[in-house]
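the following block contains a protein sequence and its predicted model.
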Amino acid sequence: MLTRRKCSVHSRELAVNEVSVTYGAGSAAVRALANVTLSFSPGSITLIAGPSGSGKTSLLSVLGCLLTPQRGQVFVAGQDVCTLSDQGKTAMRQRHIGFVFQAFRLFKSLSAFENVLIAREIAGSSEEGDKVVARQRLYDLGLGSKLSLKPSALSGGEKQRVAIARALVNSPAIILADEPTASLDSAAGQNVGEILRTLAEVENRVVVIVSHDPRLRKFAHRIVEMSDGEVIVSPPSS
């Protein structure tokens, strides 16, 4: 499985300060986040939990520089990303953040290796060493024999491990995972939880997970509970 290596990225700060998000306007306005303040530490997993509509996904989108709040500050690597242009936010995502999704979001026509390598290309890299990095990440995740297979030939757990390898190929300091085990069976879900825990503890990354899955609670160092756009339980960041 994962090689014991330290994350090479030095700027790992991730935080939101008094962040508020509202969708719509007037009588149709829906409050998604209300004055949310949280910080996240390297070396630990934060699980964000709560019922549907509690603001979990909106918070993850804000942390990932995909959604700009109407109010508040969002810090990634010490930079308030709310002050950046769209191009600047894209650069921050590519440099500092890796995403893992419930639906895997793999390209069906590409092999496992190509699905990982394309993340390097999207980030603007075209070095020969990119292939070595992509291949090593897949080997690290136990997929060395699956490099040439397309997603249709992989199990759900294998697809998610390819997605994790893709999230890691640019060496981000921050991993954001949206329901990463929701479509997996018990064994595959356990495996993904263990991988995410290793990414935090061994590679000293910030890992934030949004999930309804109770199986992930045992892997979290901290559980943040949300309701109606507000944080109702927030243990200190470890």
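Right, received. Where do you want to start?

show me where pLDDT drops low in the protein?
Regions of the chain meeting the criterion pLDDT under 70 cover residues 1-12, 126, 238.

buried ones in stretch 129-139?
By 16 or more other CB atoms under 10 Å, the buried positions in stretch 129-139 come out as Asp130, Val133, Ala134, Arg135, Gln136, Arg137, Leu138, Tyr139. All C-beta atoms are positioned from the backbone trio N, CA, C, and that covers glycine.

okay if I get these as a markdown table plus secondary structure and distance to Gly98?
Converted to a markdown table, those look like this (DSSP: H, G, I helix; E, B strand; the rest coil; distance: CB to CB, whole Å):
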| residue | secondary structure | distance to Gly98 |
| --- | --- | --- |
| Asp130 | helix | 15 |
| Val133 | helix | 13 |
| Ala134 | helix | 13 |
| Arg135 | helix | 17 |
| Gln136 | helix | 15 |
| Arg137 | helix | 11 |
| Leu138 | helix | 15 |
| Tyr139 | helix | 18 |
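
wait, which of the residues you listed is closest to Ile174?
Ile174 lies nearest to Arg137 out of those, by CB to CB, at 16.5 Å.

now that closest one: closest residue in space that isn't a chain neighbour?
Nearest residue to Arg137, sequence neighbours excluded (CB to CB, 6 or more residues apart in numbering): Ala165, at 4.1 Å.

tell me which element the one you found falls in.
helix 156-168 (DSSP states H and E).

just want the most central residue of the protein.
Nearest residue to the geometric centre of the chain (CA atoms, centre = their mean): Leu176, 1.5 Å.

which SSE is that residue in?
strand 174-178.

need the contact partners of that strand.
Strand 174-178 is touched from outside by 12, 14, 40, 57, 60, 63-64, 76, 96-102, 167-168, 196, 199, 205-211, with contacts defined as CB atoms under 8 Å, 6 or more residues apart in numbering.

quick check: beta-bridge partners of the residue nearest to the centre of the chain?
Phe99, Val208 (DSSP bridges).

phi first, then psi, for the residue located most distally from the centre of the chain.
The C-alpha centroid of the chain is most remote from Ser27, which lies 33.5 Å away (CA atoms, centre = their mean). Torsion angles at Ser27 (phi, psi; degrees, to the nearest 10) stand at phi -70, psi -20.

Asn17 belongs to a helix?
No - assigned with DSSP: H, G, I helix; E, B strand; the rest coil, Asn17 falls outside any helix and is strand.

what pairs with it across the strands?
Note on Asn17: beta-bridge partners by DSSP bridges are Gln73.

now Gln102: closest residue in space that isn't a chain neighbour?
Glu179 (3.8 Å).

actually Ala220, not the one I typed
For Ala220, ignoring the flanking residues on the chain, the nearest one in space by CB to CB, 6+ apart is Leu47 at 3.7 Å.

if anything else comes up later, I'll come back, but that's it for now.
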